[in-house]
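prediction below, plus the sequence it came from.
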Amino acid sequence: MSYDAVVEQLKSVPNEYLDDISRYISNILNGQKKSEQGGKPRGKFAKYFGTMDLGDGLEIQKQMRDEWD
């Protein structure tokens with residue numbers, strides 16, 4: 001994909017969607033800046049869906065099992 005191809009696609013987008021596209025591009029650029037400034041390494045899907053730090057997964061499993069005892 002080239003910049004020219006993207007520009008051509010943008011030219012065909014109805015005006016009512018341009019604000020959404022602009023916000024989307026801004027979010028991508030802001031995320032890139034954060035990761036360049038020493039953000040945490042992320043997995044493949046974290047880039048799109050975010051991450052949650054829930055602590056030790058094994059400890060959570062133990063607590064869930066103990067709940068049924």
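Ah, there it is.

in which helix or strand would I find the spatially most central residue of the chain?
By Cα atoms, centre = their mean, the chain has its centre lying nearest to Y48, at 3.0 Å. Using DSSP states H and E, Y48 falls within helix 46-49.

hmm, who's touching the helix or strand following that helix?
Sequence order places helix 57-67 as the next helix or strand after helix 46-49, per DSSP H and E. Applying Cβ atoms under 8 Å, 6 or more residues apart in numbering, the contact partners of helix 57-67 are L54. C-beta here means a position set from N, CA and C on the backbone, and glycine is covered the same way.

pLDDT on helix 57-67, on average?
Taken as a whole, helix 57-67 has a mean pLDDT of 82.

could you measure N30 against R23, distance?
10 Å (Cβ to Cβ, to the nearest Å).

quick check: longest helix of the protein.
Counting by DSSP state H, the longest helix found in the chain is helix 18-36.

I'd like the average pLDDT over it.
Regarding helix 18-36, the rounded mean pLDDT is 80.

what are the buried residues along that helix?
The neighbour-count check on helix 18-36 (16 or more other Cβ atoms under 10 Å) flags nothing as buried.

much appreciated, bye for now.
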